[in-house]
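Novice: any chance you could fold what I've pasted below:
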Amino acid sequence: MLGKPFSSHAATLAKPSALPRVSASVATEWLLGAVFIVWVLYTLVVVYHWLRYARDSRAAKPAIAIHLAVSAILMLCALSGIISL
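Specialist: Numbering: from 1, shown residues only. As a prediction, the model looks like this:
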């Protein structure tokens, strides 16, 4: 008993197989999904503020259109490596 204190508990905690394994593709999908959700929330807030506080500005609607177009292109480029068509 003196030679092996806590040996069974230490061996259980030290096993790397005790942790759940997540593949890189699943982790990437979850990460890009989280980025997409943040992007949607950010876009909604930005569009609201542009329309609310700069509705008389001539630059508001073109800025919104450019923001949506560039963001959509970037998101499609990010997702094109994951989605195989």
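
Novice: what residues does Ile73 make contact with?
Specialist: Not one residue lies near Ile73 by CB atoms under 8 Å, 6 or more residues apart in numbering. All C-beta atoms are positioned from the backbone trio N, CA, C, and that covers glycine.

Novice: next one: it from Ser57, what distance?
Specialist: To Ser57, Ile73 is 24 Å away according to CB to CB, to the nearest Å.

Novice: then Val38?
Specialist: 26 Å.

Novice: and stretch 42-58, C-alpha only, in CSV?
Specialist: Presented in CSV, the C-alpha positions along stretch 42-58 are these (Å, rounded to 0.1, in the frame of the first residue of the first chain):
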residue,chain,number,x,y,z
TYR,A,42,-22.9,42.3,-36.2
THR,A,43,-24.5,42.9,-39.6
LEU,A,44,-28.0,43.4,-38.0
VAL,A,45,-26.6,45.9,-35.5
VAL,A,46,-24.6,47.8,-38.2
VAL,A,47,-27.5,47.9,-40.7
TYR,A,48,-29.9,49.1,-37.9
HIS,A,49,-27.5,51.9,-36.9
TRP,A,50,-26.8,52.9,-40.4
LEU,A,51,-30.5,53.2,-41.2
ARG,A,52,-31.4,54.8,-37.9
TYR,A,53,-28.7,57.4,-37.6
ALA,A,54,-27.6,58.0,-41.2
ARG,A,55,-30.9,57.6,-43.1
ASP,A,56,-30.4,61.0,-44.8
SER,A,57,-26.9,60.1,-45.9
ARG,A,58,-26.3,59.2,-49.5
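
Novice: got the buried residues for it?
Specialist: Trp50 (16 or more other CB atoms under 10 Å).

Novice: and the contacts of it?
Specialist: By CB under 8 Å, 6+ apart, the residues outside stretch 42-58 that reach it are 60, 63-64, 67-68, 71.

Novice: helix, strand, or coil at Ser57?
Specialist: What DSSP: H, G, I helix; E, B strand; the rest coil gives for Ser57 is coil.

Novice: quick check: phi and psi on it?
Specialist: When read as degrees, to the nearest 10, the backbone of Ser57 gives phi -80, psi 140.

Novice: fine, thanks again, bye for now.
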